[in-house]
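Chemist: Make a model of this:
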Amino acid sequence: MEFELDWILLGLPIVFALGWLASRFDLRQLRIDNRQAPKAYFKGLSYLLNEQQDQAIDAFIEAVQKDPETTELHFALGNLFRRRGEYERAVRVHEHLLSRADLSGSDRERAQYALAQDFLKAGLLDRAEDALLKLEGTRFQEQGWLTLLALHERARDWPRAAEVAHRLQQAGQGDFTARLAHYQCELAASALNKQHDPQAARALLAQAIHDAPGAARPRIELAGLLAGQDDMAGAFEQLAALEQQVPRAVPLVASELVRIGQASGQLARADELLQRSYALAPSIDVADAIVRAQLATGVPARQAREGYVRHMRQEPSLIAATRWLSHEAFAQDDAHPVVQRSLEHAARPLARYRCAACGFEAQGYFWQCPGCQAWESFPPKRIEEL
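Modeler: Here you go, the predicted structure:
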């Protein structure tokens, strides 16, 4: 018994010494790891600032391995993966964050929003919508609604888009009145073309005009609907109202004003309206419509085509020159078709419309840009007039 007690007493100091050495070694290793983690983090930032994303990802992965509890490193890594198009890896990073029981509420909301962005960028729209719906009641709620709005627009789900737009407007996130008018126009087009219900379409367009009197599209589309039902007088009144309500939109309907004005016996009024519009804002489309209106009322061709000359005096225009030439007296000259075709070829790119948001160009006018999906981003002017 005494022998065992002696060994125990002798071994205790040795055990304490080994424990002390082990703790010192652990502390030293911890300090080394802590020094290395920030170094890897700052190295990653340096690579990122120099736009070396591959090296930045490697550095952040190294930092995360050394300090797996640092949420900021996970967010940085996930965002880098998403920017590089590695959406699966981004999803794994953010799902790993959400699986952590010790994650704070604020970081959990942030990770949920980041996960929704991953799904959205990957084109997984159903999963993106589910992730966005989980943001209800969080600080990312309004941002989630804006993204949901874009999703519903892309899917052309206009009733759900309208519901989200109403929510955003009530939350004070902007005025969505004009956008809601576009949704009603889309629903009206669906009622007319798919359901063959012109009365429902007419009611939707009338409601859009009531809700957004400053929107041009509902009046233009209602005029088209009325003209299709042979109500030329009603169609003309809708187009004529644009001069007071949305004067910038008159060039878009200038030729229709002449056609419907002639069909409804109001050609003189159409000419007067176009003259007023041109005086306020010269436009090649309005100038062309004035020439057509005057020709239709019996004004001599030589006098009517002076409208193009008047426009060219104010703004040199290849489009106006082309149209003036088409009415010229020497149109019977053998060389005329060749010259006319050459001018039209040169003027064609200038006659396009261009999106002010993304630069997308088109021969026809779009209410929603096919390129960037922005609403009413096309100025109602040709490229030559911009």
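
Chemist: average model confidence for the host helix or strand of Q117?
Modeler: Following DSSP states H and E, the helix or strand that holds Q117 is helix 105-121. Average pLDDT, helix 105-121: 89.

Chemist: Figure out how far the helix or strand following it is from the centre of its chain.
Modeler: Note on helix 105-121: by DSSP H and E, the next helix or strand toward the C-terminus is helix 125-133. Helix 125-133 has its C-alpha centroid displaced from the chain centroid by 19 Å (C-alpha atoms, centre = their mean, to the nearest Å).

Chemist: is it fair to say P316 lies in a strand?
Modeler: No. P316: not assigned to a strand; according to DSSP: H, G, I helix; E, B strand; the rest coil it is coil.

Chemist: quick one: the helices in the stretch 1-150 of the chain?
Modeler: Per DSSP state H, counting those that start in this stretch, the stretch 1-150 of the chain carries helices over the ranges 2-49, 53-66, 71-83, 87-99, 105-121, 125-133, 141-154.

Chemist: counting contacts, what elements does the third one pack onto?
Modeler: On a contact count with 3 or more C-beta pairs under 8 Å, 6 or more residues apart in numbering; DSSP states H and E, helix 71-83 meets helix 2-49, helix 53-66, helix 87-99, helix 105-121. All C-beta atoms are positioned from the backbone trio N, CA, C, and that covers glycine.

Chemist: weakest of those by average pLDDT?
Modeler: Across those, helix 2-49 gives the lowest mean pLDDT, at a mean of 50.

Chemist: so how many other residues sit close to the residue lying closest to L242 once chain neighbours are set aside?
Modeler: Excluding the flanking residues, the one nearest L242 by C-beta to C-beta, 6 or more residues apart in numbering is A249, at 5.1 Å. Residues within reach of A249, counting by other C-beta atoms under 10 Å, total 21.

Chemist: Please look at A249 and P380 and confirm they touch.
Modeler: Yes. Applying C-beta atoms under 8 Å as the test, A249 and P380 come out as touching, 5.8 Å apart.

Chemist: roughly how far apart are L252 and A206?
Modeler: Counting by C-beta to C-beta, to the nearest Å, the separation of L252 from A206 is 20 Å.

Chemist: what's the answer for A161, then?
Modeler: 20 Å.

Chemist: If you count surrounding residues, which of the two has more?
Modeler: Using other C-beta under 10 Å as the criterion, A161 and A206 rank with A161 on top: 24 against 14.

Chemist: so which helix or strand takes in that one?
Modeler: Residue-wise, A161 maps onto helix 158-170 under DSSP H and E.

Chemist: Report the rounded mean pLDDT for the following helix or strand past that helix.
Modeler: Sequence order places helix 177-193 as the next helix or strand after helix 158-170, per DSSP H and E. Helix 177-193 shows a mean pLDDT of 93.

Chemist: other SSEs contacting whichever helix or strand comes after helix 177-193?
Modeler: Scanning forward in sequence from helix 177-193 by DSSP H and E, the next helix or strand is helix 198-211. Other elements packing on helix 198-211 under the criterion 3+ C-beta pairs under 8 Å, 6+ apart are helix 177-193, helix 217-228.

Chemist: With distance to D285 and mean neighbour count as added columns, please give the ones you listed in a markdown table.
Modeler: A markdown table is the format used below for the helices and strands packed on helix 198-211 (distance: least, C-beta to C-beta, whole Å; neighbours: other C-beta atoms under 10 Å):
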| stretch | distance to D285 | mean neighbour count |
| --- | --- | --- |
| helix 177-193 | 22 | 20 |
| helix 217-228 | 14 | 22 |
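
Chemist: between those, which gets nearest to Q117?
Modeler: helix 177-193 (22.4 Å; C-beta to C-beta).

Chemist: Distance-wise, check Q266 relative to S283.
Modeler: On the measure of C-beta to C-beta, Q266 and S283 end up 21 Å apart.

Chemist: who has more neighbours, these two?
Modeler: Shown here are Q266 and S283; by other C-beta under 10 Å, S283 has more neighbours (23 against 19).

Chemist: Which residue, other than its chain neighbours, is closest to the more buried one?
Modeler: That would be P251: by C-beta to C-beta, 6+ apart, it lies 4.3 Å from S283.

Chemist: continuing past the helix or strand that neighbour falls within, what's the next helix or strand?
Modeler: Here P251 sits within helix 250-263, counting by DSSP H and E. Where DSSP H and E defines the elements, the next helix or strand beyond helix 250-263 is helix 267-280.

Chemist: Show me the shaky parts of the stretch 251-386 of the chain.
Modeler: Residue ranges of the stretch 251-386 of the chain with pLDDT under 70: 327-340.

Chemist: Just the helices from it, written as ranges.
Modeler: Using DSSP H, counting those that start in this stretch, helices in the stretch 251-386 of the chain cover 267-280, 284-296, 301-304, 306-314, 318-326, 336-347.
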